[in-house]
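Visitor: What would the 3D arrangement of this be:
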Amino acid sequence: MKNIFILTVICVAGYFIQKPKEYADVNLDKSGYSFPYKSSLSINKEPIQKDFKKELTPVKMGDYYVTPIAEFQVAARVLAAKHYSIDREADLSPVDLALGWGPMAKDSVLNALDIKQRNRFYFWRTESFPIPRKEIETNSANMHFIPSTKAVGDKLKQVDKDDKIKFKGYLVRIEATDGWRWTSSTTRSDTGGGACEVILVDDISLL
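Guide: Residues are numbered from 1 along each chain as shown. Next comes the predicted model:
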């Protein structure tokens, strides 16, 4: 019998509320926080990240303070898309995308993998590794998207599996007025709890 390998990337625990709040518009361009895409950005390469020596001033979004901790831009293939509306995180992030770049954007690799999302989790499994396990782990990630404006949110909701996209924004740390916190991963090499990126998205479009 063939062995079946399973990887689970656990991002957050659920916290249920009755309904999500309205998303607050934060125009990053007018705030002086926007930055251009790099010409070297490619679906064949890993995401581009620029860490800050000093964090930027937090952006207020409703009852949350969102602090940018690194510039972040990605070109990737959408491996799975999941919409959320009733967990605590949905106050800010209505959509999770599981993304792949480099070898994890290729049909020859993805045809050998079964990929799913649920409850802010990202799962993959395979009966025969098309590439080494480490390459799967470091060239794919589940990411939580916080739209900076309604226009960005509307675009984000249209993104679907197998789309090729690019986006830019910030990896963030979030603090709520009631003490709740949510912090982004800042590396692509981690797995398990806290391994997902939490992104305040300035722009998103199809490639």
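
Visitor: Tell me the pLDDT of residue 121.
Guide: We note a pLDDT of 78 for residue 121 in this prediction.

Visitor: Make sure it is actually in contact with residue 142.
Guide: Yes. Checked against Cβ atoms under 8 Å, the pair residue 121 and residue 142 is within contact range at 7.4 Å. Heads up, the C-betas are built off the backbone N, CA and C, glycines and all.

Visitor: Comparing those two, which shows the higher neighbour count?
Guide: Using other Cβ atoms under 10 Å, the more surrounded residue of residue 121 and residue 142 is residue 142, with 24 against 17.

Visitor: so what strands line up beside the helix or strand hosting the more buried one?
Guide: For residue 142, the host element (DSSP states H and E) is strand 140-147. Neighbouring strands of strand 140-147 in its sheet, by DSSP bridges, are strand 95-100 (antiparallel), strand 197-206 (parallel).

Visitor: closest to residue 190 out of those strands?
Guide: Proximity to residue 190 (Cβ to Cβ) singles out strand 197-206 among those, at 10.2 Å.

Visitor: returning to what we had before: please export the C-alpha coordinates of the strand holding residue 142 as CSV.
Guide: Presented in CSV, the C-alpha positions along strand 140-147 are these (Å, rounded to 0.1, in the frame of the first residue of the first chain):
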residue,chain,number,x,y,z
SER,A,140,4.3,27.7,-0.8
ALA,A,141,2.4,29.3,2.1
ASN,A,142,-1.1,30.1,3.4
MET,A,143,-1.5,33.9,3.7
HIS,A,144,-4.1,36.0,5.4
PHE,A,145,-5.1,39.1,3.4
ILE,A,146,-6.2,42.4,4.9
PRO,A,147,-7.5,44.7,2.2
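
Visitor: for that strand, the distance to its chain's centre please.
Guide: Chain-centre distance of strand 140-147: 1 Å, with Cα atoms, centre = their mean, to the nearest Å.

Visitor: how about the helix or strand following it: buried residues?
Guide: Sequence order places helix 150-158 as the next helix or strand after strand 140-147, per DSSP H and E. By neighbour count on 16 or more other Cβ atoms under 10 Å, the buried set for helix 150-158 is 152-153, 155-156.

Visitor: Now for these: which two are most distant?
Guide: Greatest spatial distance among the buried residues of helix 150-158 (Cβ to Cβ): 153 and 155, at 7.3 Å.

Visitor: all helices of the protein, in order?
Guide: 107-110, 133-138, 150-158 (DSSP state H).

Visitor: Mind exporting the C-alpha coordinates of the shortest one to PDB?
Guide: When you say that, I think you mean helix 107-110. Below are the C-alpha coordinates for helix 107-110, written out as PDB (Å, rounded to 0.1, in the frame of the first residue of the first chain):
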ATOM      1  CA  ASP A 107       1.500  21.900 -13.300                       C
ATOM      2  CA  SER A 108       4.000  19.000 -13.100                       C
ATOM      3  CA  VAL A 109       4.300  19.500  -9.400                       C
ATOM      4  CA  LEU A 110       0.800  20.500  -8.500                       C
END
